[in-house]
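> No letters, just coordinates:
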C-alpha cells in the first residue's frame, strides 16, 4: 500500500473515530497495524479512556477514476450519512460484566441439563 494512502487512512481514523463505549477520541499511538495488503488494512484501535479494543478495516479501490472536487464532496457526504446512520443504530457492545455473568452462570452448571435451566 502506498505510504501516503496509508498515512491518510490513519489520519482519517484518528479524526473520525469515537469510542462507542465512552465517546473518547484517539491519537495515532492508539492504533496498531494488524494486517496490510495492497488495497486494505486491518487496525486495532485501543480506547485510551475505557481501554476498549476495536478492529477497524479500511479498503481502498481505484477504478481509473478522476477525483474531481464534486466526486470528493459526494464521497464526504456519503461518509457523513453512514456515520449518522451508525450512530442512530445505537448498537450496544458486549460489556465486561456481560462476560463475567456468563462465566458465573457457567460455573454453576455441572451437566448439559443445567445449561437449559439458566
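Nice, I can see it. Values in this document were obtained by computation on a predicted structure and should not be read as measured data.

> Which residue lies nearest the spatial centre of this protein?
Centroid check for the chain by CA atoms, centre = their mean gives residue 56 as the closest residue, at 4.0 Å.

> Give the burial count for the nearest residue to that one once chain neighbours are set aside, as a bare number.
Leaving aside its sequence neighbours, residue 56 sits nearest to residue 43 (CB to CB, 6 or more residues apart in numbering; 4.7 Å). All C-beta atoms are positioned from the backbone trio N, CA, C, and that covers glycine. Close neighbours of residue 43, defined as other CB atoms under 10 Å, add up to 20.

> before we move on, what about the one 4 residues further on?
Using other CB under 10 Å, the number of residues around residue 47 comes to 20.

> Tell me who's in contact with residue 114.
The neighbourhood of residue 114, defined by CB atoms under 8 Å, 6 or more residues apart in numbering, consists of residue 108.

> if I've got this straight, it is in a strand?
No. Secondary structure assignment places residue 114 outside any strand; it is helix (DSSP: H, G, I helix; E, B strand; the rest coil).

> now it: how far from residue 105?
The gap separating residue 114 from residue 105 is 9 Å, by CB to CB, to the nearest Å.

> same question, residue 86
Distance of residue 86 to residue 105, given as CB to CB: 31 Å.

> and if you look at residue 24?
Here the criterion is CB to CB. By it, residue 24 lies 31 Å from residue 105.

> Over to residue 56?
To residue 105, residue 56 is 32 Å away according to CB to CB.

> what do you get for residue 36?
In terms of CB to CB, residue 36 sits 40 Å off from residue 105.

> List the buried residues for the helix ranked longest in the chain?
Selection of the longest helix in the chain by residue count, based on DSSP state H, yields helix 69-89. For helix 69-89, burial by neighbour count (16 or more other CB atoms under 10 Å) applies to no residue.

> Next SSE downstream of that helix?
The first helix or strand that comes after helix 69-89 along the chain, using DSSP states H and E, is helix 96-107.

> quick one: low-confidence ranges for the protein?
1, 62-65, 90-91, 118 (pLDDT under 70).

> Can you give me the domain assignment for it?
In terms of domains, the chain is parsed into 1-62, 63-118 (source: automatic domain parsing).
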